[in-house]
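> Everything below, folded, please.
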Amino acid sequence: MADNSYIAKSRASLEALKSANLLKSLSLNVLITGEIGVGKKSLAKYIYEDGYIIDGSNYKELISAIDTNKKLIIKNFSEINNFAKIKDILSNSKNKIIATSRKNIDSKIEDEFFSLKINIPPLRERLEDVQMLSKKFFSEAKEIFGNLSKEFDFNKIKIDLSKNCYSLKKSIYKSYFMDEIEKDDIMEMMKNFLFNKIGGGDDYRELLYLFDIPLIESGFEKFGSQLAMSKAFGLNRNTLRKKINNYKLDEGKI
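Numbers count the residues shown, from 1 in each chain. A predicted model of the protein is given here:
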């Protein structure tokens, strides 16, 4: 971990960090690309610690920011609606810019604005970084929620990398919270959730799935078969089978 603002252990991240360290002393405009949550803004802030952050979709604010800030970090660069005007303004200024984008930008525009492009791969291609980021998010969760009463097991976390750091962080926070949750906490959350759902004529029947589905899925994970589960639940196997069919649960898992 070279800096608190940018985690780097994988080869791709280390290469990006190497480029970032060189750019700190150079007057170059840089484009950082990659999927949502891969660390584009973190890398930009690592390069320009005092850079003013502005969203490219806020055209008027962007023009104002160019006039008042020498170092700019422009998020969502692809959302700028008048590239020619922004290019003209920048050409008459001494601004240094770093832009980030998760969408493709026309190659001609890239060449006009930027001297260098850095692409950050998704976390599914940077598994070494996932481990370090998980520990970072765990530390954050510990600071927010306090110490756990038992040891946290990273192996039990259902990691979600669909939105890279955003979904990974949510995975860690949720697992941390779930490790400490008590029966009363669950009932309180269910009560608050149901309060906003009830109001129809057949609410009990319509909302019963909130209890049935997690009970059936957790029962299968624990007992391994429908027969063992029906015995443990004291539920007729045909009744259990009917519920599974009604809820259209995955036959391969139940």
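> Now do stretch 87-99: everything it contacts.
Contact partners of stretch 87-99, identified using Cβ atoms under 8 Å, 6 or more residues apart in numbering, comprise 27-32, 44, 47-48, 51, 56, 63, 66-67, 69-75, 77, 112-114. C-betas here are computed from N, CA, C, even on glycine.
> Touching the longest helix along the chain from outside, list them.
The helix that spans the most residues within the chain, counting by DSSP state H, is helix 127-145. By Cβ under 8 Å, 6+ apart, the residues outside helix 127-145 that reach it are 1, 7-10, 13, 123, 148, 152, 154, 157, 159, 161, 165, 168-169, 172-173, 176-177, 180.
> In helices, which of those fall?
Using DSSP H, these in helices are 13, 165, 168-169, 172-173, 176-177, 180.
> what's the farthest-apart pair in these?
Pairwise distances among the ones in helices among the contacts of helix 127-145 were taken by Cβ to Cβ; the largest, 31.7 Å, belongs to S13 and E180.
> Of the ones in helices among the contacts of helix 127-145, which qualify as buried by neighbour count?
13, 165, 168-169, 172-173, 176 (16 or more other Cβ atoms under 10 Å).
> Least confident of those residues?
Ranked by pLDDT, these bottom out at Y176, which has 83.
> For that residue, which non-adjacent residue is spatially closest?
A141 (4.1 Å; Cβ to Cβ, 6 or more residues apart in numbering).
> how much space between that neighbour and F152?
Using Cβ to Cβ, to the nearest Å, one gets 9 Å for the distance from A141 to F152.
> any residues in contact with both of the two?
Here A141 and F152 share the contacting residues Y176, scored by Cβ under 8 Å, 6+ apart.
> K243 belongs to a strand?
No - read with DSSP: H, G, I helix; E, B strand; the rest coil, K243 is helix and lies in no strand.
> Report the secondary structure state of the closest residue to it other than its chain neighbours.
Spatially, and ignoring its direct neighbours in sequence, K243 is nearest to D212 (5.8 Å; Cβ to Cβ, 6+ apart). Following three-state DSSP, D212 is assigned to helix.
> D212 against Y247, yeah?
Yes - if you go by Cβ atoms under 8 Å, D212 and Y247 touch, sitting 6.6 Å apart.
> In terms of neighbours, single out the busier of A141 and F152.
Using other Cβ atoms under 10 Å as the criterion, A141 and F152 rank with A141 on top: 20 against 16.
> Neighbours of S134, how many?
Around S134 there are 18 residues (other Cβ under 10 Å).
> Likewise for Y46?
Y46: 22 neighbours (other Cβ under 10 Å).
> so it is in which element?
Using DSSP states H and E, Y46 maps to helix 40-47.
> Check which helices and strands that helix is in contact with.
Helices and strands touching helix 40-47, by 3 or more Cβ pairs under 8 Å, 6 or more residues apart in numbering; DSSP states H and E, are helix 11-23, strand 30-33, strand 71-75, strand 96-101.
> For the longest helix of the chain, which residues meet the burial criterion?
For helix 127-145, by 16+ other Cβ under 10 Å, it's 129-130, 132-134, 136-138, 141.
> now do stretch 85-97
For stretch 85-97, by 16+ other Cβ under 10 Å, it's 86, 90, 95-97.
> centre of the chain versus that stretch, how much separation?
32 Å (Cα atoms, centre = their mean, to the nearest Å).
> start to end distance for it?
15 Å (Cα to Cα, to the nearest Å).
> What is the burial count for the residue nearest to E61 when sequence neighbours are not counted?
If the residues on either side of it in the chain are set aside, E61 comes closest to I54, at 6.0 Å by Cβ to Cβ, 6+ apart. The number of residues packed around I54, counting by other Cβ under 10 Å, is 20.
> Likewise for V30?
24.
> wait, doesn't it sit right on F114?
Yes - judged on Cβ under 8 Å, V30 makes contact with F114 at a distance of 6.1 Å.
> domains of this structure?
11-121, 124-180, 187-254 (automatic domain parsing).
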